[in-house]
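> Build the 3D model from these lines:
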Amino acid sequence: FPVFDSKGYVNFTLMPGEFGKATIKVNPTNQGPIPEDGFETLTVVFEVADYNTKPECTIPPEIAVVENSGPIIFDNFVTDISVGPENERAQHMIFQIETVNTVPDLFSSPPIIDAGGTLMLTTGTDRYGEALLSITCLDDGGSLFGGSDRTNATNTILRVFPMPRVLGLAAEAVPLHGRAELTVHGKNFGSDGGRREDSDVEAGISVIVGGTPCASTEFLSDEQLICHGIPPGNGHSEVAVSISETFGTRTGDQPIFRSGSLSGVFSYTGFLAGGQNYLATGSRYFPAPPQPEQPVPIFVNGSLFGFNESGASFNPLANLSQSERNLMLWTALCRNDSNFRSNFPEGNLSIAVTRMCANSSAFFRHDIFCTLEPVFSNLSVLSQYNVGSNLIDPTCMAAAQEEVDQGRVLAKIESRPLGIAGVVRSMQVLHGTVYVGGSFQSGSEPSIVNVLSCRNDGDENGLFVRSVGHGVDGSVNAMMNHQGLVVLGGTFTSARSLSGHTLQSGALVAWDHHEQEWLLIGRTTIMGSIASLLSVGDHLVVGGRFQQVAGEVANNIAVHSGNVSDPLGWHSFEGGLTGGHVMALAGESVSEFYAGGSFTMAGTTKVRGVARWDGVAWQRLADEDCVQACRHSGDQYVCAESSCELDGPVTAMASTGTMLFVAGNFQTAGNKAAGGLAFYINQRWNSIQAGVRGSVYTVALIRLDSLPEVRDGLRITPCLYVGGEFDRAFNADGSSVAVSNIARVCLDTEQLVLEGWEPVASLPSSEPVYTLNQRELVL
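Residues are numbered from 1 along each chain as shown. Reported below is the predicted structural model:
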């Protein structure tokens, strides 16, 4: 309490943190006589003013955001907020921000901090850089009597990181199994938008193709990256650059993720298709799975259980033997799941062809949920299952990355914009470059005339399409890789080089990729037209409509052997093919190959549109059953020899060596209904199922073999792809399949039989298919 001395001074000590008014009654006294009326009581009023304590707060020295992120909220941006001691708790805190921009229009909504310390801001569109935020914490206690209502200003560096821009790509034509390299051009690939280009950048940056990262990403500069080991993939795929790093060497652990992408340039190529104004890449097709139905059977304690309509549980595999389980085929249809997507390149909805097997490890993680659909419709099991980590013991699900036994992925073709007007009639791939021939021109590049090249190169405006020399002066009907050259055949007579020189080529010319120049095969000009080419080893077979080659009578077919520059390498085939011309060639050896067309004589042998060269002479392809039946019938009119072959010309063909597939303008093959499609095996003609409704222009044998490293133990099934202008394909059992100008039948290569028709998806829209690449694509 206050103590007054004799001189009137008062001594007291205030209670810490207390303030306000106190009234004290003071009774004076002395050491002498006391007055009769006593001493007058004094009233003393003490008033202790409230001294505002300086507020406190903690503000980070730096923060980071990514451009174009929309409204951004930093919870707990300001921490350790205090307006003062307990007696000041009723005060309110506010935050004053002074922004010093280093980039104009960095903010579309300026930074503000609410009473709880949450920072809110919105950056300007496509704006990035740094801003200095000078932040002061204030309370409403005032500054009377020397109090303080604010902190010293604290500076925070706000960094707006740029999104990486993918502006261009450069890569070869990439097969489905990937592996090649991809160069990505753009900007803002470095940390802090390219201001720090050191070794730690590479660890947090990744090139992602079709949703799957490359095996490794090499950081060259803020504007260039290299993807080493393109992942396996499928079809047209987006290429993205993803940067993940921990921001701030001074503050610690704020993760920053940013990415940019480019679509419409990169595509995996399993095969090629062409038609009016377009080139298409072919690959695997994964249709969206059906939605699961209830009830859904589940795996419980390693066993597969289901629920029937009454709700009782049962094991749908209980009645199947172990061998039946091992042979049973399934297609796994899985929903969009981040964990599952990391294992498959398809992105959204994925399919893996699988089979039940013994003594293999489980493939699916426990947190992956899939539905299963049996390939065989006659199996008495439910069609949907929830796959757990514990699978049937001793059987399991083993991943089969490609076509296994009778289970196969479907196929699709996707158009690539070339900017041409006209028809694509031929394609080949060499040195990672796709060469396209036909009768077309480019509206933007005058040097693109009837032939062009492209790779997985392009930018924001689309695929780069390049001229091959300055083109040729007529249609390119056939292309073939031969001894490191791209050989072209057609109706042209000259080819023009980049230098402007014109080579009088006749109907056959070769393009030297390395020298970027045209040259003649065997230094010889073929006058006429070329419709088909076949390269086997150092032999190049040419077929079409021409009379002579190198001064020798050839009659529509000839072969060049040895070095391509040797003028003595040209030879004919025993009188050639006459009575028409050659439109198709197929085979694996110059001593045994097939020719198709409209000819009626092969050397001195009468034929009907198709013949086989056996290395010595031409042989007709007659149906032996038909020949024997005719010999016994004696009916010379019905059983004329020609009726045991084809009754019209052949326009396209493909061969496995054992089986010959033909398409053309014929209705019977071996005196059997064929409808323009047939195959020849064991000296017998057979229809390809029951044909198609419409016209067939092209056929090709193709394997969608995307992962060659898993071939061991798997049977990669080849399929015959048929292109043209037709809308339905008919099976021998009377069933039919709706198709859209392209379809396939696959081969059982052990039984040498054809399976049923399957549609090939044509994306984004269906156009007639005039040509398919004639051999399995080799890159």
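> What sits closest to residue 506 if chain neighbours are left out?
Of all residues not flanking residue 506 in the chain, residue 525 sits nearest, at 3.7 Å (Cβ to Cβ, 6 or more residues apart in numbering). The way it works is simple: take the backbone N, C-alpha and C, and place the C-beta from them, glycine included.
> beta partners for the closest residue in space to residue 767 that isn't next to it in sequence?
Leaving aside its sequence neighbours, residue 767 sits nearest to residue 275 (Cβ to Cβ, 6+ apart; 5.0 Å). Beta-bridge pairing for residue 275 (DSSP bridges): residue 278.
> Quick check, residue 275 in contact with residue 768.
Yes - applying Cβ atoms under 8 Å, one finds residue 275 in contact with residue 768, separated by 5.2 Å.
> Overlap of the contact sets of those two?
By Cβ atoms under 8 Å, 6 or more residues apart in numbering, residue 275 and residue 768 have these common neighbours: residue 723.
> Give me the residue at the spatial middle of the protein.
Most central in the chain under Cα atoms, centre = their mean is residue 237, positioned 2.8 Å from the mean C-alpha point.
> Could you measure from that residue over to residue 573?
From residue 237 over to residue 573 the distance is 45 Å, taken as Cβ to Cβ, to the nearest Å.
> Tell me where the stretch 151-300 of the chain has strands.
For the stretch 151-300 of the chain, the strands defined by DSSP state E, counting those that start in this stretch cover 154-161, 165-171, 181-187, 205-209, 212-213, 216-221, 224-228, 239-247, 254-262, 271-275, 278-285, 298-300.
> Mind telling me which of those strands the model trusts least?
Confidence, taken as mean pLDDT, is least for strand 298-300 of the strands of the stretch 151-300 of the chain (a mean of 33).
> Mind jotting down where the helices sit in the chain?
For the chain, the helices defined by DSSP state H occupy 322-327, 338-341, 624-633.
> most packed of the strands of the stretch 151-300 of the chain?
Scoring these by mean neighbour count under mean count of other Cβ atoms under 10 Å gives strand 271-275 as the most buried, with a mean of 27.
> Show me what it is packed against.
strand 278-285, strand 420-430, strand 433-442, strand 719-730, strand 771-772 (3 or more Cβ pairs under 8 Å, 6 or more residues apart in numbering; DSSP states H and E).
> Now render those as CSV, adding distance to residue 578.
Shown next, in CSV, are the helices and strands packed on strand 271-275 (distance: least, Cβ to Cβ, whole Å):
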stretch, distance to residue 578
strand 278-285, 35
strand 420-430, 25
strand 433-442, 27
strand 719-730, 28
strand 771-772, 26
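> of all these, which lies closest to residue 536?
Of all the helices and strands packed on strand 271-275, strand 420-430 sits nearest to residue 536, with 15.1 Å by Cβ to Cβ.
> in that closest one, what's buried?
By 16 or more other Cβ atoms under 10 Å, the buried positions in strand 420-430 come out as 420, 422-430.
> Repeat that for stretch 745-765.
Buried residues in stretch 745-765, counting neighbours by 16+ other Cβ under 10 Å, are found at 745-747, 754-755, 757-762.
> my guess is the residue nearest to residue 506 meets residue 504, correct?
Yes - using Cβ under 8 Å, residue 525 is in contact with residue 504, at 6.4 Å.
> rewinding a little: ok, the buried residues of strand 420-430 vs residue 666, which is closest?
Top of the list for closeness to residue 666, among those and by Cβ to Cβ, is residue 425 at 21.6 Å.
> And the pLDDT at that closest one?
On the pLDDT scale, residue 425 is placed at 96.
> Now it: closest residue in space, sequence neighbours ignored.
Once flanking residues are discounted, residue 425 sits nearest to residue 438: 4.0 Å by Cβ to Cβ, 6+ apart.
> Under the pLDDT cut-off, which ranges of the stretch 51-200 of the chain? List them.
191-200 (pLDDT under 70).
> With the stretch 351-500 of the chain instead?
Ranges of the stretch 351-500 of the chain meeting pLDDT under 70: 351-409.
> just the strands in it please.
370-374, 395-400, 410-416, 420-430, 433-442, 449-459, 462-467, 476-482, 485-490, 494-496.
> now those strands as TSV including distance to residue 150?
Formatted as TSV, the strands of the stretch 351-500 of the chain follow (distance: least, Cβ to Cβ, whole Å):
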stretch	distance to residue 150
strand 370-374	61
strand 395-400	65
strand 410-416	64
strand 420-430	70
strand 433-442	69
strand 449-459	53
strand 462-467	58
strand 476-482	79
strand 485-490	77
strand 494-496	80
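> Quick one, which of the strands of the stretch 151-300 of the chain gets closest to residue 594.
With Cβ to Cβ as the measure, strand 271-275 is the member of those nearest residue 594 (20.9 Å).
> now the angle from that closest one to strand 719-730?
Strand 271-275 and strand 719-730 are oriented at 50 degrees to each other (axes from the mean of the first three to the mean of the last three Cα atoms, to 10 degrees).
> Please work out which residues outside strand 271-275 touch it.
Contacts for strand 271-275 (Cβ under 8 Å, 6+ apart): 279-283, 413, 423-427, 429, 434, 436, 438, 700, 702, 704, 721, 723, 742, 767-773, 776-777.
> quick one, which of the strands of the stretch 351-500 of the chain is nearest to residue 671?
Once these are compared by Cβ to Cβ, strand 476-482 is nearest, at 31.4 Å.
> roughly how far apart are the residue lying closest to residue 80 once chain neighbours are set aside and residue 256?
Leaving out its chain neighbours, the residue that sits closest to residue 80 by Cβ to Cβ, 6+ apart is residue 58, at 4.2 Å. Counting by Cβ to Cβ, the gap between residue 58 and residue 256 amounts to 22 Å.
> go on, residue 271?
From residue 271 across to residue 256, the span is 42 Å (Cβ to Cβ).
> for residue 732, same thing?
Distance, residue 732 to residue 256, using Cβ to Cβ: 62 Å.
> Over to residue 220?
Separation of residue 220 from residue 256 (Cβ to Cβ) stands at 21 Å.
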